[in-house]
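One predicted model, sequence on top.
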Amino acid sequence: MKKIALLVVAVMLFSLLPACGKSYPNGEVNVYNWGENIDTGIFDDFEKKTGIKVNYKTYQSNEQLYSVLKQGGSSYDVIIPSDYMISRLIDEGMLEKINFDNVPNIANIDSRYLNQAFDPQNEYSVPYTWGVTGIIYNSKTITDEITDWTAMYDPSYSGQILQFDNSRDAFASALFILGYDVNTTDKSQIDEAYQLLKQQKGILQGYYMDEMYDKLEGGEAAIGAYYAGDALLMMENNPDLRFVIPESGSNMFIDAMCIPKGAKNKDNAEAFINYMCETEVCLANMDVTCYATPSKLAYEALPDDVKNNPIMFPSDEVLDKCQIYINLPTEINDYYAKLWTDLKS
Amino acid sequence: MRKKFLSIPYVVWMALFVVTPLVLIVIYAFTASDGSFTVDNISGLGTYANVFGRSLWLAFIATVISLIIGYPFAYILSKESAAMQRITMMLIMLPMWINFILRTYSWMSILENTGLINQLLGKLGILAALGVDYIPLINTDGAVVLGMVYNYLPFMIMPIYSVIIKLDRSVIEAAQDLGANSFNVFFRVIFPLSLPGVLSGITMVFVPSISTFAISKLLGGGKDLLLGDLIEMQFLGGAYNPHLGSALSLVMMVIVMICMYLMNRFGEGEEQAVLL
Amino acid sequence: MKKQNRVFTRIFEALIFLFLYAPIFILIIFSFNENRSRTVYEGFTFDWYIKLFQNESILNALWVTLLVSAIAAVVATVAGTFTAVGLYSMRRRTRDAILAVNNIPVINADIITGVSMSLLFVSFFAILNRILGLEIELGFGTLLIAHITFNIPYVILSVLPKLRQLDKNLFEAAQDLGATWIQSFFKVILPEIRPGIVSGLIMAFTLSIDDFVISYFTAGSRVQTLSMEIYAMTKKRISPEINALSTLLFITVLVLLIIINVRQARQEKAAEKKMRALSSDSGSAN
């Protein structure tokens, strides 16, 4: 009896053994990305083409990515932080320079997304997506027209509001209302924004990132601040949802692929980054994530209705009102971390 | 069988993997990011007094509720037939084998504004009668406490049950023979004798409750953090500062130790921990 | 009066079980739901189960969890048993001191155990990698060490009481009869303390399977346990695949527990029969 039981357990265990049939002659690449930010179906194709296995994990925010990298003990080969975080990682010596001989597809990227302030010489990063932040709301439950960040602080929506669960985006939404620069280093201005957020906390349902999908699509919450691409995805599932880019301004972000310092498979990382710039791959990813691609070839291949989508590709007029985050001095970054902790305590 | 040396490897292991890590926590708690000595991390914890207060309070309530539910349950169970006892214990332990995050996450579906309870109330016309769209259940302190009680109740039932079941029947019978009514038998005899189980039950509910970090995120909306969330945030979350995280850990550890010490004093030297 | 009491206790028990099982049944029901919603049931489907078995990262995490729990439980049981035997023969004061340290991982909050071990591994590896030019990082090894570390104390705590109940003369008698230490340990002591060892093993395995917090801090970037995978899933757009997973877990454990219980009941019945046969034998002899 006992032996049979053991045998059964053993067979069960071995049947669960992950398929060992596939072989990967060229090692692996460890990719660390935002949640809901890639078409995971492309991995098979990449593995077939290059013989490199993709290990994939996700994070929820730039700040969390920073914590994980800083904590150490883990190794990733490709990460996809946003602009300001890239510049912070460069400043703190946490990124490797990319060997662009291995990334010829960089030529596909529209030059307006290259050589940005966060990486002026464009040595460390290859743009992957870009977009804007804004407000998603349910037009069924909120009949007024939402136009600005102030709606996120409107007590009449109490209990229905979802705020970004990361410090930089949350503070930016308050700084826009106050009319301050989102890159301010003036502590008194940041303090004012903090006070506003503290007030807002009373009427919030909670701080969330990708959990918002469920809550907004299912009608659990009526209004939330989030990113354009995700908003489009949610609108596909719930046609009542609307997305607005607030009048008082918004953040434009560029998420770019980078290689963290000490990456063990740097060549594979470059192969992966290069692959991600292929037009087909950009299109596949765009289809799944709804984020705008910086690849000019992929953009040209898009159907007109997508090209003209004002959420995915906002007009220059709208983009002029948007600000890009830049990295703040260490002192201010630490101050942000402290206030963020205080806000939630 | 004098083979003391058999425990030497484990002593070394503990020195490496139990004591050294705690020493590191202390070191981190008293240093700044440049490595210099500082007490700022500890002295700055005053800002988070409300988190400490809240965590202690919610963990306390969860423990009390678990005890109020768990003790009678264990007591009733001990009077059932042997087969019934075995099946019941099995059923109590069974949920523990299913991942606790999954179970907690399921409560979200029940408690949400559009969740099952609110749906039911809506269908019964109760919501309409009250003139509301939903009753806020999730993202409240109550939901967090419920999550704690739900997850840790078996840890209260099991030690109490295992002590009651081992009680000497003759003591109880003697008390009855001496004319004690069932009220007196319970409060003068059974309850005092089952105290060791109660104490370890309290510990096993209180400690994980005060330090939990997934429950408050799932059921509390992440608005008002508990100690566990605050610590996690400083290490792998959105506000990297392992020195503050270590200081928080250190103080939490001290608080837990003090609570345990007081409780053991209360238990009058019942040092034997009843685990299962 | 008695009957009323009985009805009351039954209701009470039923309510407790409703409380404990309602969330689980809801998970199970919605694993067959046609749409993604967790609260609106639309129609029956097996799709999520099919998707689950195509989800490599979940299967991988399940494998890691079983592997680490099995190895950690076995290692901890062996190590804990020998340590308990060693402790048993120590002077009381030394033993109490060691037991006090042994209790730390039991009493300490999981998050502190996890965070502190992660600090240890990370700083130790940083030094090691710098001096020796190695590239060690968090992974299966550190996960395993962490699990073993929090498992051993429970094994010791469940074996030690059994050793205390042991008749000291038994061991000495065996040795007087010419058995070596090893022989007398395996033939005399081990059978006596076996219940303690078995419950220690089961406890260790259960704790490992259920652990989330300590794994979360010590597993690093490459290895994911099931709890970590599920936690990551709740942070994303939630897929009913995890409902399907919990249904399967529930059924597996339920079946296992039923098998164990039926066997136990049978053994007990057999033992009872034997006892009865014995007593009737002795009765007839008189």
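Happy to help now that I have it. Numbers count the residues shown, from 1 in each chain, chains lettered A, B, ... in the order given.

contacting residues for residue 261?
As the question left the chain open, I've gone with chain A. When contacts are counted by CB atoms under 8 Å, 6 or more residues apart in numbering or on different chains, residue A:261 touches A:93, A:94, A:95, A:96. C-beta here means a position set from N, CA and C on the backbone, and glycine is covered the same way.

meant chain C actually
B:86, B:87, B:90.

which element is the last one on?
Right, the one you point to is residue B:90. According to DSSP states H and E, residue B:90 maps onto helix B:82-93.

returning to what we had before: need the contacts of residue C:261 in a markdown table with distance to chain C, can you?
Listed next are the contacts of residue C:261 as a markdown table, based on distance: CB to the nearest CB, whole Å:
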| residue | distance to chain C |
| --- | --- |
| B:86 | 6 |
| B:87 | 7 |
| B:90 | 5 |
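
Narrow the contacts of residue A:261 to those that are buried.
Among the contacts of residue A:261, those buried by neighbour count (16 or more other CB atoms under 10 Å in any protein chain shown) are A:94, A:95, A:96.

Chain B: which of those is nearest?
Taking CB to the nearest CB as the measure, chain B lies nearest residue A:94 of those, at 12.2 Å.

pretty sure that closest one contacts residue A:69?
Yes. Residue A:94 lies in contact with residue A:69 (CB atoms under 8 Å); the separation is 6.1 Å.

Identify the contacts common to the two.
Contact criterion CB under 8 Å, 6+ apart; residues shared by residue A:94 and residue A:69: residue A:260.

Residue B:164: neighbouring residues, count only.
Neighbours of residue B:164 under the rule other CB atoms under 10 Å in any protein chain shown: 20.

Quick check: it touching residue B:196?
No. At 10.6 Å, residue B:164 does not count as touching residue B:196 under the criterion of CB under 8 Å.

Tell me which stretches of the stretch 1-150 of chain C form helices.
Counting by DSSP state H, counting those that start in this stretch, the stretch 1-150 of chain C has helices at residues C:2-30, C:47-54, C:56-88, C:92-107, C:110-132, C:140-165.

Please dump the ones you listed into TSV; it should also carry mean neighbour count and mean pLDDT for every row.
Below are these laid out as TSV (neighbours: other CB atoms under 10 Å in any protein chain shown; pLDDT from 0 to 100):
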stretch	mean neighbour count	mean pLDDT
helix C:2-30	14	90
helix C:47-54	16	92
helix C:56-88	21	93
helix C:92-107	16	91
helix C:110-132	21	93
helix C:140-165	22	94
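
still on that earlier bit, show me what the helix holding residue B:90 is packed against.
helix B:49-78, helix B:141-164, helix C:2-30, helix C:241-285 (3 or more CB pairs under 8 Å, 6 or more residues apart in numbering or on different chains; DSSP states H and E).

Is the third one in proximity to chain B?
Pointing back at helix C:2-30 there. Yes. Helix C:2-30 comes into contact with chain B (CB under 8 Å from any CB of the partner chain), by way of C:9, C:12-13, C:16-17, C:19-24, C:26-27, C:30.

Next, the distance between the ends of stretch C:213-223.
14 Å (CA to CA, to the nearest Å).

Can you tell me the closest non-neighbouring residue to whichever residue of the stretch 151-286 of chain C sits closest to chain A?
Nearest to chain A, among the residues of the stretch 151-286 of chain C, is residue C:221, at 3.4 Å (CB to the nearest CB). The shortest distance from residue C:221 to any non-neighbouring residue, by CB to CB, 6 or more residues apart in numbering or on different chains, is to residue A:74 (3.4 Å).

Touching, residue B:4 and residue C:90? I think so.
Yes. Proximity of residue B:4 to residue C:90 meets the contact threshold set by CB under 8 Å, at 5.4 Å.

Of these two, which one has the most company?
When residue B:4 is set against residue C:90 and neighbours are counted by other CB under 10 Å, the residue ahead is residue C:90, at 18 against 15.

OK, contacts around the more buried one?
Contact analysis of residue C:90 by CB under 8 Å, 6+ apart lists B:4, B:7, C:98.

how close does it get to residue C:98?
7 Å (CB to CB, to the nearest Å).

now stretch B:43-57: how far from the chain's centre is it?
18 Å (CA atoms, centre = their mean, to the nearest Å).

do it and chain A meet at all?
Yes. Stretch B:43-57 is in contact with chain A by CB under 8 Å from any CB, via B:47, B:48, B:50, B:51.

Only whichever of those residues are buried, select them in ChimeraX.
Of those, the buried ones can be selected in ChimeraX as follows, counting by 16+ other CB under 10 Å:
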select /B:48,51
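
on that earlier part again, and for residue C:90 and residue C:98, which residues touch both?
What both residue C:90 and residue C:98 touch, as defined by CB under 8 Å, 6+ apart, is the set residue B:7.

that older thread, would you mind giving the contacts of residue C:261 as a markdown table with neighbour count and distance to residue C:200 added?
Formatted as a markdown table, those follow (neighbours: other CB atoms under 10 Å in any protein chain shown; distance: CB to CB, whole Å):
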| residue | neighbour count | distance to residue C:200 |
| --- | --- | --- |
| B:86 | 15 | 20 |
| B:87 | 16 | 24 |
| B:90 | 15 | 19 |
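
Thank you kindly, that will do.
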